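Visitor: fold the following for me, if possible:
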Amino acid sequence: MRVAIYCRVSTEDQNNESQENLCKEYCLRCKYDVFGIYKDVISGTKDSRPSFNQLMDDMRKFKFDAIMVTKLDRMGRSLQHLIGIVDEISKKGFHFIAVTQNIDTTTSAGRLQFQMLGAFAEFERNLISERTKESRKGKVNWGKRGKDKKAREKRGVKRKVNFVLGDTTDK
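Guide: The predicted structure follows:
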């Protein structure tokens, strides 16, 4: 069986080599041929991802027999999006394999497990989003935001925050 491997990380700081190695080892054990490895560095919440789009185009041209990922959340974190992807994959007669979660969508049990894990992946994504929003709310009161922690600008004028008194003054 010819397998296409898909690896995705969210940021440039992360590395998808461990995902690639896990999938290659699985293919070696099962005597699958690796057709190609598709890699993206982009958030899983994005529906459009360059390598993922190429993977789906190659699938529609029947260039391989199965799509392999390490975990479901590498494909995406929205349950609706994941179900749409796997539905298209299975309708075309392809296999879907999530190596670390033992998911094989050709069986009823595999489809049930896929739907449950997809719901948990979406739940995890929502929790992360809520925590991020709460964190940003707290930072607004300190006059700083985001990674760079630069002072906020108001109408083109930098504001200096007096942390002792809690008031602001224009520079």
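Visitor: isn't residue 82 right up against residue 69?
Guide: No - look at residue 82 against residue 69 with Cβ atoms under 8 Å: they stay out of range, at 10.6 Å. C-betas here are computed from N, CA, C, even on glycine.
Visitor: which neighbours do the two share?
Guide: residue 75 (Cβ atoms under 8 Å, 6 or more residues apart in numbering).
Visitor: so what's residue 6 bridging to?
Guide: Note on residue 6: beta-bridge partners by DSSP bridges are residue 38.
Visitor: quick one: it from residue 82, how far?
Guide: In this view, residue 6 and residue 82 are 13 Å apart by Cβ to Cβ, to the nearest Å.
Visitor: overlap in contacts, these two.
Guide: Shared contacts of residue 6 and residue 82 (Cβ under 8 Å, 6+ apart): residue 75.
Visitor: domains in the chain, by residue range?
Guide: 2-130, 141-170 (automatic domain parsing).
Visitor: can you pull out the strands in this structure?
Guide: Ranges of strands within the chain are 2-9, 33-41, 66-69, 95-98, 103-104, 153-154, 157-161, 168-170, based on DSSP state E.
Visitor: of all those, which one is nearest residue 114?
Guide: strand 103-104 (5.2 Å; Cβ to Cβ).
Visitor: run the chain-centre distance for the closest one.
Guide: 19 Å (Cα atoms, centre = their mean, to the nearest Å).
Visitor: just give the number of residues close to the nearest residue to residue 36 once chain neighbours are set aside.
Guide: Nearest residue to residue 36, sequence neighbours excluded (Cβ to Cβ, 6 or more residues apart in numbering): residue 4, at 5.5 Å. Around residue 4 there are 23 other residues, counting by other Cβ atoms under 10 Å.
Visitor: so residue 34 sits right up against residue 21, yeah?
Guide: No - if you go by Cβ under 8 Å, residue 34 and residue 21 don't touch, sitting 11.8 Å apart.
Visitor: between the two, which is the more surrounded one?
Guide: Per other Cβ under 10 Å, whichever of residue 34 and residue 21 has more neighbours is residue 34, with 16 against 12.
Visitor: could you find the closest non-adjacent residue to that one?
Guide: residue 27 (5.4 Å).
Visitor: contacting residues around the one you found?
Guide: Counting by Cβ under 8 Å, 6+ apart, residue 27 has contacts 3, 5, 33, 34, 68.
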